[in-house]
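Colleague: Provided below for reference: sequence and predicted model.
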Amino acid sequence: MRILHLSDQFHPWMGYQETYLARVQTQMGHNVLVIASNRYGKRRGASLRDRKTPSGLHQESGIQVLRLPVRFEMPTEWAEPWLIALEEAIRDFTPDIVHSHGILSFSNIRTAKQKKSQEFGLVVDCHRAFFNTFHPYESKLKQTLKRFYYLAAGRTFGRIITTNADEIVAIGEPEQSFANWFFGPGRVGHIPIIPLGADHELFRFSLQSRHDIRSKMGWSNENIVIGHAGNITPSKDIELALQAVACFPSAEKERTILHLIGNVSSPYQLHLEQLSRTLGLESSVYFTNFVPTEELSRYMSAWDIAAWPGDISNTALEAMAVGRPIIASRTSYTEAIIDHFEAGLLFDRSDLVQLSSALLSLVESHDLRNRLGTNARKAIESRLNWKSISKEFVDLYSQILNRGPK
């Protein structure tokens, strides 16, 4: 099968869905190409280097990638680009399936229109949700303007996608709800959910890594380390985690470490450091800048608990693969991923008492940590791994081709 993954900004070192799907589907024997821009994203973690990268055909992390030059890009946080010669590139590859990552972009719309003159199946994958689109730290005016923009775009340009896409899928319940709202009532039928996963071969517990990282960080065997990975922003509610640990009894508070991995702006890091001093936790909070996926597994092995008190990220699944029990705020997504597999404990978002109680129960009980962590690893091995998810998408592609593109 000739599979084209369309991802405007492709960052193979971040290990997200489009990277793993393209790599695993290549290993499965399919002819796979990723078409992307010659620019990395503006968001933290995406552009670790200069945003521009050479155009042309490359091998990146075992994946065939065609990077196209950009005519212009939108002045937004996502910097949606207009790719030069996209239609020609798709025509030259002659795909059986185009898998477009993102609910709405210039590339999405152009590909959906091209489907009328070139026969291929089109899958549009929604990664947007209300929580990662409308941020609580934004002004009401900005949120209102963004809401108007998305509604207008969904009801106009979105119709090109709903008319031509063979399947619109979502990575979770929040994204499913967003897609239904975005496209409008009655515009799409049932949107299936194919979740994100983790590389269960790369992400696994290593006792040697645990010893090495703990020695490097200066943590003793008595320390209980609560870890968090991903871009560190106000929407992650790190302040609540600090306040929750500050509520612990003295003995537990003294042996608890908070380890934060990821890019963070200097003002926000200073804010968190000031809060930790105010709460008496100045020697208990450690920051580590963004690390590539190959290193992240080693750091996670040094943790005892993984926590996402606010917005959750795909790194929670990677922590599950390492066998770490998860603490997260309750949403339909975390209920399906964490509660369903008994891989951790959930609390009502912003509820300090519930969060502190959940964290303390894991800090105090090795048996509970071990049981939930074992369940977490089993969930990844049985269902939430990229090999299984890649096959699920290939099965979907085959169904589309068997019934004939829309």
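Modeller: Arrived safely, thanks for sending. Residues are numbered from 1 along each chain as shown.
Colleague: which non-adjacent residue is nearest L359?
Modeller: Spatial nearest neighbour of L359, excluding adjacent residues (Cβ to Cβ, 6 or more residues apart in numbering): A244 at 5.5 Å. From N, CA and C alone the C-beta is placed, and that goes for glycine too.
Colleague: next, count neighbours for the closest residue to S61 other than its chain neighbours.
Modeller: Closest residue in space to S61, ignoring its immediate chain neighbours: P12 at 3.9 Å, by Cβ to Cβ, 6+ apart. By other Cβ atoms under 10 Å, the residues close to P12 number 20.
Colleague: equivalent analysis for D339, please.
Modeller: Look at D339: counted by other Cβ under 10 Å, it has 16 neighbours.
Colleague: what pairs with whichever strand or helix holds L346, parallel or antiparallel?
Modeller: Taking DSSP states H and E as the criterion, the element that holds L346 is strand 344-347. With DSSP bridges as the test, strand 344-347 is paired with strand 326-329 (parallel).
Colleague: what packs against the following helix or strand past the partner strand?
Modeller: Following strand 326-329 in sequence order, the next helix or strand is helix 332-334 (DSSP H and E). With contacts defined as 3 or more Cβ pairs under 8 Å, 6 or more residues apart in numbering; DSSP states H and E, the packing partners of helix 332-334 are helix 173-183.
Colleague: buried stuff in the helix it packs on?
Modeller: 173-180, 182-183 (16 or more other Cβ atoms under 10 Å).
Colleague: show me what counts as buried in stretch 243-259.
Modeller: 243-248, 253, 255-259.
Colleague: now pLDDT and distance to I213 too, for those, in TSV please.
Modeller: TSV is the format used below for the buried residues of stretch 243-259 (pLDDT from 0 to 100; distance: Cβ to Cβ, whole Å):
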residue	pLDDT	distance to I213
Q243	98	26
A244	98	24
V245	98	20
A246	97	25
C247	97	27
F248	97	23
K253	96	22
R255	96	17
T256	98	17
I257	97	12
L258	98	15
H259	98	9
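Colleague: and these, which is closest to L360?
Modeller: Ranked by distance to L360 (Cβ to Cβ), those are led by F248 at 5.8 Å.
Colleague: please tell me how far the residue nearest to that closest one when sequence neighbours are not counted sits from K253.
Modeller: Closest residue to F248 apart from its sequence neighbours, by Cβ to Cβ, 6+ apart: L360 at 5.8 Å. Between L360 and K253 the distance is 10 Å, computed by Cβ to Cβ, to the nearest Å.
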